[in-house]
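Undergrad: here's a sequence, model it:
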Amino acid sequence: MACLANPHIPPIDQNTARYFNRVAVDELYGGMADTVAEGARLASLLGDKSRLLMGNHGVMVTAPTVGEAFDDIWTLERACQILVTAWSTGQPLKVLGDEVAEKTARDWTKIADFSRRHFEEMKAMVIEQDRSVLD
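TA: Numbering: from 1, shown residues only. Sure thing, here's the model as predicted:
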């Protein structure tokens, strides 16, 4: 998504609707973000949002907890996969109305406990597969 000329995420399902009007976009990629000034510029772009789609780079997500940030970036990745898959069919998208998309986005904010549990379950699965991650 960050490499598209129009990196807008239209609400076509529950996952994409989570991000309705809630992703800031930076279209001014100028190389590695390795200065305090560039960090400040990126942070200022967030405004009242907690996600920044950085053009020609990737995404930055902020959250009160690691679990919430993990779930948010996980779902954002899933939303983008769904969107790209839908676009790849060549068929017109069935975009949700603004009212439904906004309600869905608001409802997502009410389940931070779900996000934290998702992170804990994913950690448990990784540990079960390879306990050496705890070293």
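Undergrad: okay, CA-based contacts and neighbour counts for the rest of this
TA: OK.
Undergrad: hmm, who's touching stretch 8-21?
TA: 1, 75-76, 78-80, 83, 93-96, 101-102, 104-106, 108 (CA atoms under 8 Å, 6 or more residues apart in numbering).
Undergrad: please repeat the previous calculation with a cut-off of 6 Å.
TA: 79, 95, 96, 101, 105 (CA atoms under 6 Å, 6 or more residues apart in numbering).
Undergrad: can you get me a residue count around the third one?
TA: Counted with other CA atoms under 10 Å, residues neighbouring residue 96 total 16.
Undergrad: residue contacts, it?
TA: Contacts for residue 96 (CA under 6 Å, 6+ apart) come out as 11, 12.
Undergrad: so how far is residue 26 from it?
TA: Residue 96 sits 25 Å away from residue 26, going by CA to CA, to the nearest Å.
Undergrad: what do you get for the second one?
TA: Per CA to CA, residue 95 is found 24 Å from residue 26.
Undergrad: and residue 76, what element?
TA: Using DSSP states H and E, residue 76 falls within helix 66-88.
Undergrad: nearest spatial neighbour of residue 118, chain-adjacent residues omitted?
TA: Ranked by CA to CA, 6 or more residues apart in numbering and with sequence neighbours excluded, the top spatial neighbour of residue 118 is residue 71, at 6.6 Å.
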